[in-house]
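Q: Got a predicted structure here, sequence first:
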Amino acid sequence: MSGHATSRIDIPSWAWEREDTAGFLRRRDVQALFRFVRQYGGASQMAISAVTGLSQGRVSEVLNGRKTVTAFEVFERIADGVNMPDRCRMLFGLAPKNLSAFTGQDSTGGTAPPRLPAQRDPGTGEGSEVRRREFVGLAGTALFHASTGSMLDMDEIAAALTRYAGGSRDTARTATSLRELSRQTHAAKAGYQACHYTAVAKRLPELLRNLDDAVTGVDGDDLAQVHALRAEAYHVAASLLLKCEERGLSYLAADRSMRAAEESENPAVVGASARAFTRALMRERHYKAATELATSTAERVDSAMDEPTPESLSVYGSLLLSGAVSAAKRENRGQALSLLDEAGEAGARLGGDYNYQWTAFGPTNVLLHRVSAAVELGDAGSAIDYARQVRLDNIEVMERKVTLFIDAARAYQQWGKMEHAYHALRNAEDMASEELTARPVVHQLINDIRTRANGHLYGNVSELAERVGA
């Protein structure tokens with residue numbers, strides 16, 4: 001094997017048909033898969049690295065049991081790199097390359113696909129719909145996007161975001177008072193934190209237009225306040241768009257929030273907007289840039305105050321938490337844990353859990369982010385240990401409470417405890433169903449759990465997928 005990107009790993013078809021091969025594929029045991037590839041494909045660590053896009057060091061860590069693979073996209077790259085047959089891809093929880101492999105009419109002459117748990121016999125006209133839903137469950141997020149798109153209608157928000165000066169402004173628009181704009185912005189922020197995403201999405205476009213128009217009608221302190229409100233409203237837009245995987249629009253909204261925050265000349269407002277921009281960078285996998293933005297802005301907020309206020313301390317700590325999660329996504333364990341500890345000190349100084357500057361910051365939020373960071377680092381056991389330490393009564397913001405249960409579901413899924421993962425998602429659904437219906441990433445999680453479930457659990461997860469539109 002040359003180890004170049006054009007290297008090819010050839011594994012005999014009979015090796016893929018072995019019973020023990022099916023076992024480790026169902027478990028998504030990448031360590032066993034790499035050993036299998038080395039044994040039957042004669043591949044070196046360098047060759048595996050070349051075809052999967054993983055670093056040779058990462059391949060070595062997986063083979064030695066020091067690292068695990070949990071990301072759906074990495075499973076896809078590995079399967080593609082080792083030329084995994086469609087039947088095995090489906091055992092591995094991935095969509096087949098050839099749809100006929102799912103229907104059992106594979107023209108390549110391979111063996112029949114694995115059987116799914118028995119479902120009720122569909123009535124007339126239902127068969128194709130049931131098969132479509134089952135295949136979407138195997139295909140994951142990519143097919144979900146192709147067939148359904150976002151759960152919320154983002155056209156009006158997109159129109160508001162692309163309404164540049166001199167474009168489609170309505171000069172006859174009635175001016176909205178600053179007090180009313182403040183009330184509406186507050187309602188949008190509160191609605192988002194309560195997970196009322198559909199209602200917020202409907203109100204947001206008009207609010208953004210009114211705030212943009214208000215800039216030309218005020219000056220002095222009122223102008224600074226309008227810019228601060230614009231920063232908050234665009235922050236809500238960015239957060240909502242990020243949840244719905246509207247990546248380009250979310251980046252645009254985050255940029256608008258940052259620009260408005262700078263115009264407000266309020267360090268706490270700038271720091272709050274930087275949190276949205278950090279998440280937008282993370283969504284694009286610019287983890288290093290996201291971490292640097294979060295930490296540098298935290299330093300800026302800290303240095304701007306002779307004595308920290310509750311607002312500045314909350315923003316400072318929240319930025320450190322965003323940086324910690326981004327560092328965890330980069331697999332920089334040391335930096336992630338260091339930033340979490342610094343945020344913990346800020347939470348202790350704040351003295352409790354509050355929602356200053358809409359941060360929901362405090363000792364409990366630090367603990368919630370320890371759960372998130374542990375999941376990103378693949379430490380499922382640590383994530384669950386942290387989650388069990390959280391007192392739910394201390395979480396006032398519903399969005400944060402629901403996120404805890406989704407993170408717990410991700411951790412249980414990593415751990416292979418699918419029943420526990422399902423129950424965590426059911427708790428999330430009971431508290432705020434829109435958190436599940438609006439987020440494609442949660443749909444992916446549900447579908448991944450379903451492909452690894454059987455018996456009554458498969459039926460329960462399928463019903464959950466049906467309810468949330470996965």
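A: Yep, it's here.
Q: Show me which helix or strand of this protein is least confident by mean pLDDT.
A: In the chain, no helix or strand scores lower on mean pLDDT, DSSP states H and E than helix 141-148, which sits at a mean of 33.
Q: and the helix ranked longest in the chain, what does it pack onto?
A: Ranked by number of residues, the top helix in the chain under DSSP state H is helix 220-243. On a contact count with 3 or more C-beta pairs under 8 Å, 6 or more residues apart in numbering; DSSP states H and E, helix 220-243 meets helix 155-161, helix 178-193, helix 197-214, helix 247-264, helix 267-283. Where you see a C-beta, it was placed from the backbone N, CA and C, and this is true even at glycine.
Q: Break the chain down into its domains, please.
A: 13-114, 116-149+397-470, 168-260, 266-395 (automatic domain parsing).
Q: Quick one: closest of the ones you listed to Asp155.
A: For Asp155, the closest of the domains of the chain is domain 168-260, at 9.0 Å, according to C-beta to C-beta.
Q: State the mean pLDDT of the closest one.
A: The pLDDT scores in domain 168-260 average 88.
Q: next one: it to chain centre, how far?
A: 23 Å (C-alpha atoms, centre = their mean, to the nearest Å).
Q: The longest helix of the chain versus helix 178-193: what angle between them?
A: Counting by axes from the mean of the first three to the mean of the last three C-alpha atoms, to 10 degrees, helix 220-243 points 20 degrees away from the direction of helix 178-193.
Q: What are the buried residues along helix 220-243?
A: Within helix 220-243, the residues that qualify as buried are 223-243, counting by 16 or more other C-beta atoms under 10 Å.
Q: Which residue ranges of the stretch 301-450 of the chain form helices?
A: 310-329, 333-350, 363-376, 380-389, 398-415, 418-431, 433-437, 440-451 (DSSP state H, counting those that start in this stretch).
Q: Mind giving me the packing neighbours of the last one?
A: In terms of contact count using 3+ C-beta pairs under 8 Å, 6+ apart, helix 440-451 is assigned the packing partners helix 127-139, helix 141-148, helix 398-415, helix 418-431, helix 433-437, helix 455-468.
Q: Could you dump these into TSV and include distance to Glu299?
A: Formatted as TSV, these follow (distance: least, C-beta to C-beta, whole Å):
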stretch	distance to Glu299
helix 127-139	44
helix 141-148	36
helix 398-415	25
helix 418-431	35
helix 433-437	32
helix 455-468	40
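Q: Figure out which of the ones you listed is closest to Glu19.
A: Using C-beta to C-beta, the nearest of those to Glu19 is helix 455-468, at 20.6 Å.
Q: For the closest one, the averaged confidence score.
A: Rounded mean pLDDT across helix 455-468 is 92.
Q: next one: stretch 421-435 to chain centre, how far?
A: 16 Å.
Q: CA-only coordinates of that stretch in CSV, if you can.
A: The C-alpha coordinates for stretch 421-435 follow below in CSV (Å, rounded to 0.1, in the frame of the first residue of the first chain):
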residue,chain,number,x,y,z
ALA,A,421,-31.4,7.4,24.8
TYR,A,422,-35.0,7.0,23.7
HIS,A,423,-36.3,7.8,27.1
ALA,A,424,-34.1,10.9,27.3
LEU,A,425,-35.6,12.1,24.0
ARG,A,426,-39.1,11.4,25.2
ASN,A,427,-38.5,13.6,28.2
ALA,A,428,-37.3,16.3,25.8
GLU,A,429,-40.4,15.9,23.7
ASP,A,430,-42.7,16.1,26.7
MET,A,431,-41.1,19.4,27.8
ALA,A,432,-40.8,21.1,24.4
SER,A,433,-41.7,19.2,21.3
GLU,A,434,-40.6,22.0,19.0
GLU,A,435,-37.0,21.4,20.0
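Q: For it, buried residues please.
A: For stretch 421-435, by 16+ other C-beta under 10 Å, it's 421-429, 431-432, 434-435.
Q: same thing with stretch 381-396?
A: Buried, per 16+ other C-beta under 10 Å, within stretch 381-396: Ser382, Ala383, Ile384, Tyr386, Ala387, Val390, Ile395.
Q: Looking at the domains of the chain, which one is packed in the most?
A: domain 266-395 (a mean of 21; mean count of other C-beta atoms under 10 Å).
Q: what distance separates the start and the end of that domain?
A: 27 Å (C-alpha to C-alpha, to the nearest Å).
Q: From the chain's centroid, how far away is that domain?
A: The answer for domain 266-395 is 16 Å, by C-alpha atoms, centre = their mean.
Q: avg pLDDT for that domain?
A: 94.
Q: residues contacting Gln335?
A: Thr291, Gly323, Ala324, Ala327 (C-beta atoms under 8 Å, 6 or more residues apart in numbering).
Q: mind redoing it with 7 Å?
A: Ala327 (C-beta atoms under 7 Å, 6 or more residues apart in numbering).
Q: if I look at it, how far off is Arg26?
A: 35 Å (C-beta to C-beta, to the nearest Å).
Q: What of Ala304?
A: Counting by C-beta to C-beta, the gap from Ala304 to Arg26 is 54 Å.
Q: just Phe75 next, same as before
A: 13 Å.
Q: and if you look at Phe92?
A: Taking C-beta to C-beta, one finds Phe92 at 8 Å from Arg26.
Q: try Arg410
A: From Arg410 to Arg26 the distance is 19 Å (C-beta to C-beta).
Q: just Ala79 next, same as before
A: 14 Å.
Q: for Arg209, what are its contacts?
A: Counting by C-beta under 7 Å, 6+ apart, Arg209 makes contact with Ala160, Arg163.
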